[in-house]
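J.: This is a predicted model, with the sequence first.
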Amino acid sequence: MKFKINITLLILLACHVANAQNVDVKKAFASAGKQTDVLIRNVDSARLVKPSQVSPRTVEKGQFKMVVSKDWTSGFFPAELWYFYQFTKDEKWLKLARKYTDDIKEEQYNRGTHDLGFMIYCPFGNGYRLTKDTAYKAVIIQAARSLATRFNKTAGVLKSWDHNGDKWKYPVIIDNMMNLELLFEATKMTGDSSFYKIAVSHADHTIKNHFRPDFSSYHVIDYDTAKTGNILQKVTAQGYENESAWARGQAWALYGYTMCFRETQDRRYLAQADGIAGFILNNKVTPADGVPYWDYNDPKIPDASRDASAAAITASALYELAKYSSNGKKYKAAADHILSSLSKNYTSKFGDNYGFILEHSTGHRPAKSEIDVPINYADYYYLEALLRSK
């Protein structure tokens, strides 16, 4: 059965190379915009009750969930608003994007998280790109300084988490590849090469230590920073088991190394991105619609939850990778296919899910958290994929 599913997917992708079913981006953005209007109303109502909660994260057990600015997902909602402004040029979205982006700016000084790329660069990076507001540039530079304090020279990587010291000493998760773009940008803005060097060191050590021969990635690598920088353990936090391939982790890796090639032109990163893309697109358990199960090794497949967020991240990454790789046509076709599936079968009906755009993501299944729900980063990368598809 698994072999049949994979063959079906490959046939579909082959057909798309010759006759890609492109999504109507204008129509998709219009639908997403109407849905986001609903979300904004719910956000504003929720903030009247709890003003400190600034950003919508998910819907769990039927309840609308907001988060404070220090939550790792806080930047995705304002970043989505910048994408609406980019596509529509409507001043309405500009005003909203500025309003909600401002709520996150205090996190530029947060040295207790590796997620400043998500929290700061997604909203402020897009804001600066679209407006050239120097205040946004200053926030980006300060955030990069804060993130750089988490770099350890012995291990050569940025620390991910400060919690659960009983489980690991110096954990580095594959997700951290996504935060390197903030550092690359800071070097371009300041001329200070130290940010660039930290990003390259982290990317190089991650290639060396995070990946298996088939280009699948471990979730968490624990480093010895006291003496050697050697690996203490290779484990998972959000995947099915230590040796499994957690779907969103593979998507983060694909996106991260594609971005690293863009920023450095180092062909090792392109080769890594190609290898990761091969693992994702040729995997025998991937359903025909291209939207993966939450973990490629969950023994309950096909009775396992999907992860639309992993699909959206993958589609966005493949659109960019298609510009650099000799496999460009295949990647473009695969991205078109995934984006078409998301647009047709994974979008909320108007007014449902409190205004979130996509359904059927999986956040942290081992913790029984955010299973088969809408979630803000799925929406953000879906909109980015729509933009990149053009």
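T.: It's in. Numbers count the residues shown, from 1 in each chain.

J.: List the residues that contact the nearest residue to Asp204 once chain neighbours are set aside.
T.: Leaving aside its sequence neighbours, Asp204 sits nearest to Gly156 (C-beta to C-beta, 6 or more residues apart in numbering; 7.3 Å). C-beta coordinates here come from the backbone N, C-alpha and C atoms, glycine included. By C-beta atoms under 8 Å, 6 or more residues apart in numbering, the residues touching Gly156 are Ser201, His202, Asp204, His205, Gly229.

J.: So which of the residues you listed sit within helices?
T.: In helices, defined here by DSSP state H, the members of the contacts of Gly156 are Ser201, His202, Asp204, His205.

J.: Between all of these, which two are separated the most?
T.: Spatial extent of those (C-beta to C-beta) is set by the pair His202 and Asp204 at 7.4 Å.

J.: Of the two, which one has the most company?
T.: Taking neighbours as other C-beta atoms under 10 Å, His202 and Asp204 compare with His202 leading, 25 against 16.

J.: how much space between the residue nearest to Asp204 and Ala315?
T.: Shown here: Gly156 relative to Ala315, a distance of 31 Å by C-beta to C-beta, to the nearest Å.

J.: again with Thr36
T.: Counting by C-beta to C-beta, the separation of Thr36 from Ala315 is 19 Å.

J.: again with Met178
T.: The gap separating Met178 from Ala315 is 15 Å, by C-beta to C-beta.

J.: Same drill for those two, tell me which one is more crowded.
T.: Legend: neighbour count by other C-beta under 10 Å for Met178 and Ala315, higher for Ala315 (29 against 22).

J.: To which secondary structure element is Glu384 assigned?
T.: helix 376-389 (DSSP states H and E).

J.: Shouldn't Arg145 be within a strand?
T.: No - judged by DSSP: H, G, I helix; E, B strand; the rest coil, Arg145 forms no part of a strand; its state is helix.

J.: nearest spatial neighbour of it, skipping sequence neighbours?
T.: The spatially closest residue to Arg145, leaving aside those adjacent along the chain, is Ala186, at 7.7 Å (C-beta to C-beta, 6+ apart).

J.: wait, is that neighbour part of a strand?
T.: No - Ala186: not assigned to a strand; according to three-state DSSP it is helix.

J.: Looks like it contacts Phe195 (just checking).
T.: Yes - using C-beta atoms under 8 Å, Ala186 is in contact with Phe195, at 4.3 Å.

J.: Which residues are in contact with each of those two?
T.: Common contacts of Ala186 and Phe195, defined by C-beta under 8 Å, 6+ apart, comprise Ala144.

J.: So for the helix or strand that contains Asp336, what gets flagged as buried?
T.: Secondary-structure element containing Asp336, defined by DSSP H and E: helix 328-345. Within helix 328-345, the residues that count as buried by 16 or more other C-beta atoms under 10 Å are 330-343.

J.: tell me which strands and helices it is in contact with?
T.: For helix 328-345, the elements it packs on are helix 2-18, helix 267-281, helix 308-324, helix 376-389, judged by 3 or more C-beta pairs under 8 Å, 6 or more residues apart in numbering; DSSP states H and E.

J.: The nearest residue to Phe356 once chain neighbours are set aside and Ala251: what is the separation?
T.: Excluding its sequence neighbours, the residue lying closest to Phe356 (C-beta to C-beta, 6+ apart) is Pro374, at 3.3 Å. Using C-beta to C-beta, Pro374 is found at 17 Å from Ala251.

J.: ok, back up a step: pLDDT on the helix holding Asp336, on average?
T.: Confidence for helix 328-345, expressed as mean pLDDT, is 98.

J.: Only alpha carbons, please: show that helix as PDB.
T.: What follows is helix 328-345 as a C-alpha-only set of coordinates in PDB (Å, rounded to 0.1, in the frame of the first residue of the first chain):
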ATOM      1  CA  GLY A 328      14.200  23.000 -10.800                       C
ATOM      2  CA  LYS A 329      11.400  21.800 -12.900                       C
ATOM      3  CA  LYS A 330      10.700  18.800 -10.600                       C
ATOM      4  CA  TYR A 331      10.800  21.100  -7.500                       C
ATOM      5  CA  LYS A 332       8.500  23.700  -9.100                       C
ATOM      6  CA  ALA A 333       6.000  20.900 -10.100                       C
ATOM      7  CA  ALA A 334       6.100  19.400  -6.600                       C
ATOM      8  CA  ALA A 335       5.600  22.800  -5.000                       C
ATOM      9  CA  ASP A 336       2.700  23.500  -7.300                       C
ATOM     10  CA  HIS A 337       1.100  20.200  -6.400                       C
ATOM     11  CA  ILE A 338       1.500  20.700  -2.700                       C
ATOM     12  CA  LEU A 339       0.200  24.300  -2.900                       C
ATOM     13  CA  SER A 340      -2.800  23.200  -5.000                       C
ATOM     14  CA  SER A 341      -3.600  20.500  -2.400                       C
ATOM     15  CA  LEU A 342      -3.400  23.000   0.500                       C
ATOM     16  CA  SER A 343      -5.600  25.600  -1.400                       C
ATOM     17  CA  LYS A 344      -8.300  23.100  -2.300                       C
ATOM     18  CA  ASN A 345      -8.500  20.700   0.600                       C
END
